[in-house]
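In: no FASTA, just this:
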């Protein structure tokens, strides 16, 4: 199923990605929990398929530096370790993050609030993931 994904972070005026086409692996996603599991599993698979990159002469263009600085981290995008991510642990962490209020999910501008409530995702829906951040102070 083809949908569009938008990633936002509180405090940023523009989304990090504007309506990026995304293919969900399964048409039978019936709850927010299943949606999070499907997206995390797919992203972990993408991450694990990247190899340790060996660039002879690493450099970044001015455009790459400018784009990355708006996110808050400038790097070469290289993997320095061949350690693979565990999909089950990543799913567990994502679900815990949602339960702890670290991010919100909107489906066509309607917030999905319950992990196990039935919901319908249709072709060309817009899924928005909003990462919430602490506004001030420290955790000790």
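Out: Arrived safely. Keep in mind it's a predicted model, so treat the numbers as computed, not measured.
In: Mind listing what's buried along the longest helix anywhere in the chain?
Out: In the chain, with assignment by DSSP state H, the single longest helix is helix 32-49. By neighbour count with 16 or more other Cβ atoms under 10 Å, helix 32-49 contains the buried residues 32, 33, 34, 35, 36, 37, 38, 39, 40, 41, 42, 44. Every C-beta, even on glycine, is put in place using the N, C-alpha and C of the backbone.
In: what pLDDT, on average, does it get?
Out: The average pLDDT within helix 32-49 is 90.
In: Give me the helices and strands touching the following helix or strand past it, please.
Out: The helix or strand immediately downstream of helix 32-49 is helix 62-71, counting by DSSP states H and E. Contacts defined by 3 or more Cβ pairs under 8 Å, 6 or more residues apart in numbering; DSSP states H and E place helix 62-71 against no helix or strand at all.
In: Would you state the strands of this structure in chain order?
Out: Along the chain, counting by DSSP state E, strands occupy 2-9, 17-23, 103-107, 110-112, 126-131.
In: In the sheet, which strands lie alongside the shortest one, parallel or antiparallel?
Out: Listed by DSSP bridges, the sheet partners of strand 110-112 and their directions read strand 103-107 (antiparallel).
In: Looking at the partner strand now, give me its mean pLDDT.
Out: 92.
In: Begin at 83 from now on, thanks
Out: Okay, residue one is now 83; in that scheme the one you just asked about reads as strand 185-189.
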